[in-house]
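# Fold the following, please.
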Amino acid sequence: MKAVLPCRVSSKEQGDSGYSLPAQEKFLRGYAESRDIDVDKVFLISESASAKKQREEFDKMMAYVTKHDIKIIIIEKADRYTRNLKDSVNLYDWLDGDDERQLHSVKDSLVLHKNSRSQEKLNWDIRIVFAKNYIDNLSEEVKKGQKEKIAQGWLPTKPPLGYKTVGEKGHKIHVIDETKAPLVKKMFELYATGEHSILSLTDWVYKEGLRTDLGNKIAKSRIHEYLRYPFYIGINCWKDVEYPGNQEPLIEEPLFKAVQAMLTGKTTLKLTKHNFLFKGLIYCYECGGLITWETAKGHVYGHCNHYRNCSQTIWAKEPQVEEQLKKFFQSLEVKSQRLSEWIKKALKESHKDEISYHSTSVGEINKQHDMIKRRLDKLYDEKLDGKITEAFYQEKFKQYSAELTAVDKSINKHTNASLKYFELGINLYELSQNAVGIYSKALLDQKRMLMRLVFERLILNEGVLEVKYTKAFQILHDAVLATNSSKVEKVEQKTDKIFEPLKKPAVMGQTGTFSGGQPVWLPRRDSNAQP
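Coordinates of the predicted model:
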């Protein structure tokens, strides 16, 4: 008679200790040979197989033995065959279908068939019940471990692209993968510009060398999941519930929110064969619709698409519009070198006040942080001592964790704000003074990014370009208009100290506010002073 051999190793540890699938198969083949039973087929289920995969293999085996009229199934022991009562019932149905059918459980010294005694069937059933109980207990312990892991601020599963797992078993945590993290961050930044679709971003990721663990191309759907995954900003999502995480955020929250806006909004550009410089950036003055760009007779033209009632008729050449754009960049330049140096000095002096303010704020927030940490520690101790219920613990844990997350964000915000305040002011200013040169040397995508940074809206009115600056550059533009006037230049020549920074520093009051000092660009001088 012929037999099939189902082989399964339940854990990686069993495989590592020599209790592997090949070893199990060898053992069962030896048993079959000793009883002159021919082995028709071996069904292997690896230790990494999911429950669904195991179910598929079991069903496949039962279908095979029925179709090919196999009379014998040889297993090592009960828990190698099945660990649920449903499979046991199906086995009895199979055995009852033919007097010659048998199940050999080698290490249990048990052979079941249609006419087995009730004691033998009870022996089998008890083993299945114990196997099921083992699995149920194991599942319960796993769930408890996962619950505790998430409560400690760590995700109990594999981290997403850009992170890696470190530490010993039972104490593993997720840290930033220095090799992949920069590319993941760049992926978010590129998508936030609006210059990429998910498909083009997937191609970019592949070209940059990011792969799956098996070395394959990351699927488009997977890239979409990464862009939506709050794990990157320090939030763990488990069973559709968000928890504060202890992992170091890879993506800043403003960037993450910008990406979510692109994903859920209608701002994502559909990339076409012709990626024109001003595509999706310039609007019609009259009807407010986007200007359409197309190639005609070797030239690129922009015109209103007239989807709405509009009388605009001019087709503007792209190079002519670009020349007009450069003039708006030039209008941000300060003509006076002396005034240019003064603005830099003013930005540096204003930074001193920012440092003092943020230092005071961070001190107060740190006190809140320590207080919440003490509350969490006390809450955990009371849970271990059995002084509070699990429901109360979970409720207060979520409350304190949310408060701690908010405080941590405030600390990071204030810690970085001082430096960013200064860097932003200096960088925007330096950019404004070299915008034309930077723009002229930039690639097409870089030019588009620069336009988005400097201009809030670009408008075309019968071939004439009009602009609205973004807030920061509008303020700078207004200041440049004032400082570039002939009146200011004359005043500068006559008055050496009018633009000198104030010598008297700001003084902090008892309330933590500042008084007694004036910004550099607002000296305490009455322009209408009376004699």
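
# And residue 458, which helix or strand is it part of?
Per DSSP states H and E, residue 458 falls inside strand 455-461.

# quick one: the helices in the stretch 51-200 of the chain?
Using DSSP state H, counting those that start in this stretch, the helices of the stretch 51-200 of the chain run over residues 51-67, 78-81, 85-96, 118-151, 181-192, 198-207.

# Comparing these by mean pLDDT, which bottoms out?
When the helices of the stretch 51-200 of the chain are ranked by mean pLDDT, helix 78-81 comes last with a mean of 72.

# returning to what we had before: deepest of the helices of the stretch 51-200 of the chain, which one?
Of all the helices of the stretch 51-200 of the chain, helix 78-81 carries the top mean neighbour count, a mean of 22, counting by mean count of other CB atoms under 10 Å. Glycine gets a C-beta too; all of them are placed from N, C-alpha and C.

# buried set for the strand holding residue 458?
Using 16 or more other CB atoms under 10 Å as the test for burial, strand 455-461 gives 455, 458-460.

# per-residue confidence at residue 267?
49.

# Identify the residues contacting residue 238.
Taking CB atoms under 8 Å, 6 or more residues apart in numbering, we find residue 238 in contact with 146, 150, 155-156.

# still on that earlier bit, let's have the helices of the stretch 51-200 of the chain in JSON lines, adding distance to residue 370.
Formatted as JSON lines, the helices of the stretch 51-200 of the chain follow (distance: least, CB to CB, whole Å):
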{"stretch": "helix 51-67", "distance to residue 370": "45"}
{"stretch": "helix 78-81", "distance to residue 370": "51"}
{"stretch": "helix 85-96", "distance to residue 370": "54"}
{"stretch": "helix 118-151", "distance to residue 370": "20"}
{"stretch": "helix 181-192", "distance to residue 370": "30"}
{"stretch": "helix 198-207", "distance to residue 370": "41"}
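
# Tell me which of these lies nearest to residue 331.
For the helices of the stretch 51-200 of the chain, proximity to residue 331 was assessed by CB to CB; helix 181-192 is nearest, at 27.7 Å.

# what's the spacing between the closest one and its chain's center?
9 Å (CA atoms, centre = their mean, to the nearest Å).

# packing partners for it?
helix 198-207, helix 220-228, helix 253-264 (3 or more CB pairs under 8 Å, 6 or more residues apart in numbering; DSSP states H and E).

# Please tabulate the ones you listed in CSV, including the columns distance to residue 402.
What follows is the helices and strands packed on helix 181-192, written out as CSV (distance: least, CB to CB, whole Å):
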stretch, distance to residue 402
helix 198-207, 32
helix 220-228, 21
helix 253-264, 15
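
# What segments of the stretch 301-450 of the chain are strands?
Under the criterion DSSP state E, counting those that start in this stretch, the stretch 301-450 of the chain contains strands at 316-317.

# mind showing which ranges of this protein have poor pLDDT?
9-19, 46-51, 80-85, 265-274, 339-340, 342-364, 411-429, 484-531 (pLDDT under 70).

# domain assignment for it?
What automatic domain parsing lists as the domains of the chain is 2-146, 163-264, 337-515.

# which stretch among those domains comes nearest residue 281?
Comparing the domains of the chain against residue 281 with CB to CB, the closest turns out to be domain 337-515 (5.5 Å).

# Give the closest residue to residue 331 in space, chain neighbours not counted.
Spatial nearest neighbour of residue 331, chain neighbours left out: residue 477 (6.4 Å); criterion: CB to CB, 6 or more residues apart in numbering.

# Tell me what angle the host helix or strand of that neighbour forms with strand 455-461.
Using DSSP H and E, residue 477 sits within helix 471-483. Put simply, helix 471-483 runs at 70 degrees to strand 455-461, going by axes from the mean of the first three to the mean of the last three CA atoms, to 10 degrees.

# For helix 471-483, buried residues please.
Neighbour-count burial for helix 471-483 flags 472-473, 476-477, 479-480, 483 (criterion: 16+ other CB under 10 Å).

# Among those residues, which one lies nearest to residue 79?
Minimum distance to residue 79 across the buried residues of helix 471-483 is 67.8 Å, recorded for residue 472 (CB to CB).

# And the closest one, how close does it get to residue 142?
To residue 142, residue 472 is 52 Å away according to CB to CB, to the nearest Å.

# now do residue 306
For residue 306, the distance to residue 142 (CB to CB) stands at 64 Å.

# can I get the CA coordinates of the helix holding residue 477 in CSV?
What follows is helix 471-483 as a C-alpha-only set of coordinates in CSV (Å, rounded to 0.1, in the frame of the first residue of the first chain):
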residue,chain,number,x,y,z
LYS,A,471,4.4,85.4,3.0
ALA,A,472,8.1,85.4,3.8
PHE,A,473,9.1,86.7,0.4
GLN,A,474,6.3,89.3,0.4
ILE,A,475,7.6,90.7,3.6
LEU,A,476,11.1,90.8,2.2
HIS,A,477,9.9,92.3,-1.1
ASP,A,478,8.1,95.1,0.8
ALA,A,479,11.3,95.8,2.8
VAL,A,480,13.4,95.9,-0.4
LEU,A,481,11.0,98.4,-2.0
ALA,A,482,11.5,100.6,1.0
THR,A,483,15.3,100.2,1.4
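
# That helix: how far from the chain's middle?
Distance, centroid of helix 471-483 to centroid of chain: 36 Å (CA atoms, centre = their mean).

# for the residue nearest the centre of the chain, helix, strand, or coil?
For the chain, residue 232 is the residue whose C-alpha lies nearest the centre (CA atoms, centre = their mean; 3.8 Å). Under DSSP: H, G, I helix; E, B strand; the rest coil, the three-state class of residue 232 is helix.

# That one: what's it in contact with?
Listed by CB under 8 Å, 6+ apart, the contact set of residue 232 reads 160, 162, 184, 188, 226, 249-251, 256.

# Nearest to residue 65 among those?
Once CB to CB is applied, the member of the contacts of residue 232 that ends up nearest residue 65 is residue 160, at 42.5 Å.
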